[in-house]
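**Q** Fold the following, please.
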Amino acid sequence: MPDESKEGLDRRHFLVASIATVGASAALAVNAGAANAQQAAAPSTNPSSGTAYTGDVIDGKKVVSALDVNDLEPGKKHALYFQGVEMPTGQHWHVSVVVAKGTKPGKRAILVSGVHGDEMSSIHTVQTVMNQLDPAEMSGTVMAVADVSRPAVESMQRRWPNQGRGIDLIDMNREWPGNENGATAPSRHAGLLFNRLLRPNADFAIDFHTGTTGFEVTAFNIGGMDLPEVKAMLELYPVGQIFDNHVYPGVLHNAFIDVGIPAFTPEIGAARVLDLDMISLFVEGTMNVLKHYGIVAGSMGRTGKDVSVFVGNSAFPILATAGGIVEHLVKLNDKVEAGQKVAIQRNSFGEVVAEYTSGVAGEITGQRSDAMSEPGNPLVFILFNKPTPEGSEVYPE
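**A** Numbers count the residues shown, from 1 in each chain. This next block holds a predicted model:
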């Protein structure tokens, strides 16, 4: 191993040590934002009752500003647009909604994707599940929303480009449950969707995601296994990792849980691509969940009992301390030990400027996929178990 300068060591220690500070600051910011939202004048957060058609039709699909799936005809699939937040032009962002309503009563499932605009495999997973459903053979309903963060999806980027007060890039998955009268378009959009579309029609919910642009992840699920219904759903997927943690404040699955609706988040590989092999695992698992709740009939597919599942309650981030090209020495899902070297970094001369080791024993759950990195970028996340986990955690992105 090359000698490291004192400066290099100090910078790395500073960056790793600062994670806790970053997380605490982010949590304080989220809490402050939530307090401000509660003080703002806003419509009731009680679920809306009844379906409200705007009278508009887009590409042959009716537009609603509120939806009650009980109003829809049984035994059919219904394709609608939901009228979301208003743009500066006075027009609205419209969100695609498909509802498969069974002929018999039963549980109501919500499948969400497109909260981040660069997560294509999550959208394809939801579409594939919906294409497998036959409402004539179903009990209950399954609602799919494929493009929640419409302006982010249009540009295939993670964050919502908000122009209200100059150009901001806002992560919509830190805005839930939103505020219909909030300060930003993503907050208002989240409030409209949660109050008028999602919450009123959900007995359980699944919010599908992938890694972000420049960072790929394994096939894993995120959710709190302290909740029996969530634990049961998490274990119905034939994927190799479960992150047993409630993670960030403001994420959609936590907004559902806060109002008593079991929910969790699958993570499906890399952003901006379709990973068909990984998608098939999550389609199989989601169909298992629908069978578990009696929405569709049939025998279970593979579950967590059929694969080797690593369950961790925390993720250890390794941040870049230098600029240069990153070479990973381990792969996704690899087991690592504390002190094991996991990556090296070279400058433009090919000289090694940094080496990175794991601080914990666990499994690789995420890696930077962009070959170049500047200081502060996450390079690796390692799923592991803390002896005494403390509530939700906030991670550098």
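**Q** low-scoring pLDDT stretches of the stretch 251-397 of the chain, where are they?
**A** Per-residue confidence for the stretch 251-397 of the chain (pLDDT under 70) gives these ranges: 389-395, 397.
**Q** need the strands for it, in chain order.
**A** Taking DSSP state E, counting those that start in this stretch, the strands of the stretch 251-397 of the chain run over residues 263-268, 310-312, 314-319, 324-328, 335-336, 341-346, 352-357, 362-368, 372-373, 378-384.
**Q** Let me know the angle separating the third one from strand 378-384.
**A** Between the axes of strand 314-319 and strand 378-384, defined by axes from the mean of the first three to the mean of the last three Cα atoms, to 10 degrees, the angle is 160 degrees.
**Q** Figure out which of the strands of the stretch 251-397 of the chain is closest to His292.
**A** strand 263-268 (13.1 Å; Cβ to Cβ). In this view, the C-beta of every residue, glycine as well, is placed from N, C-alpha and C.
**Q** Relative to Asp168, which of the strands of the stretch 251-397 of the chain is closest?
**A** strand 378-384 (21.8 Å).
**Q** buried set for the closest one?
**A** Pro378, Leu379, Val380, Phe381, Ile382, Leu383, Phe384 (16 or more other Cβ atoms under 10 Å).
**Q** can you redo these as JSON lines with distance to Lys291?
**A** Shown next, in JSON lines, are these (distance: Cβ to Cβ, whole Å):
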{"residue": "Pro378", "distance to Lys291": "37"}
{"residue": "Leu379", "distance to Lys291": "39"}
{"residue": "Val380", "distance to Lys291": "36"}
{"residue": "Phe381", "distance to Lys291": "32"}
{"residue": "Ile382", "distance to Lys291": "33"}
{"residue": "Leu383", "distance to Lys291": "28"}
{"residue": "Phe384", "distance to Lys291": "32"}
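**Q** Return the member of those nearest to Thr141.
**A** For these, the nearest to Thr141 is Leu383 (34.2 Å; Cβ to Cβ).
**Q** and the closest one, how far is that from Ile318?
**A** Using Cβ to Cβ, to the nearest Å, we find Leu383 at a distance of 13 Å from Ile318.
**Q** How many residues are close by Phe215?
**A** Other residues within reach of Phe215, judged by other Cβ atoms under 10 Å, total 20.
**Q** In contact with it: list those residues for me.
**A** Ala270, Ala271, Gly366, Gln367, Arg368, Ser369, Asp370, Pro378 (Cβ atoms under 8 Å, 6 or more residues apart in numbering).
**Q** now the second one, nearest residue through space, not along the chain?
**A** In other words, Ala271. Computed as Cβ to Cβ, 6 or more residues apart in numbering, the closest residue to Ala271 that is not its neighbour in sequence is Asp118, at 4.2 Å.
**Q** All the helices of the stretch 101-250 of the chain, residue numbers only.
**A** With DSSP state H, counting those that start in this stretch as the criterion, the stretch 101-250 of the chain has helices at 120-132, 150-154, 185-193, 228-234.
**Q** Ok, which of those comes nearest Pro88?
**A** Nearest of these (Cβ to Cβ): helix 185-193, 8.8 Å.
**Q** re earlier: would you reformat the helices of the stretch 101-250 of the chain as CSV and include mean neighbour count, distance to Val330 and mean pLDDT?
**A** Below are these laid out as CSV (neighbours: other Cβ atoms under 10 Å; distance: least, Cβ to Cβ, whole Å; pLDDT from 0 to 100):
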stretch, mean neighbour count, distance to Val330, mean pLDDT
helix 120-132, 21, 23, 98
helix 150-154, 20, 31, 95
helix 185-193, 26, 36, 97
helix 228-234, 18, 25, 98
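**Q** Which one, of those, ends up nearest to Leu276?
**A** Per Cβ to Cβ, nearest to Leu276 of the helices of the stretch 101-250 of the chain: helix 120-132, 8.0 Å.
**Q** which residues are contacting that closest one?
**A** 77, 98, 100, 111-114, 142, 144-147, 156, 208-210, 266, 268-275, 278-279, 282-283, 286-287, 290.
**Q** Of the residues you listed, just the buried ones, PyMOL syntax please.
**A** Remark: buried members of the contacts of helix 120-132, expressed as a PyMOL selection using 16+ other Cβ under 10 Å:
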select buried, resi 77+98+100+111+112+113+114+142+144+145+146+147+208+209+210+266+268+269+270+271+272+273+275+278+279+282+283+286+287+290
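**Q** Please identify the most buried of the strands of the stretch 251-397 of the chain.
**A** Highest mean neighbour count of those: strand 263-268, a mean of 27 (counted as mean count of other Cβ atoms under 10 Å).
**Q** Just want the angle from that one to strand 362-368.
**A** Using the same axes, to 10 degrees: strand 263-268 against strand 362-368 is 70 degrees.
**Q** packing partners for strand 263-268?
**A** When contacts are defined as 3 or more Cβ pairs under 8 Å, 6 or more residues apart in numbering; DSSP states H and E, strand 263-268 sits against helix 120-132, strand 204-207, strand 219-223, helix 228-234, helix 252-258, helix 276-292.
**Q** sorry, back to before: distance to Lys104 for the strands of the stretch 251-397 of the chain - can I get that in a markdown table?
**A** Compiled in a markdown table, the strands of the stretch 251-397 of the chain are given as follows (distance: least, Cβ to Cβ, whole Å):
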| stretch | distance to Lys104 |
| --- | --- |
| strand 263-268 | 24 |
| strand 310-312 | 36 |
| strand 314-319 | 42 |
| strand 324-328 | 50 |
| strand 335-336 | 46 |
| strand 341-346 | 52 |
| strand 352-357 | 55 |
| strand 362-368 | 40 |
| strand 372-373 | 53 |
| strand 378-384 | 40 |
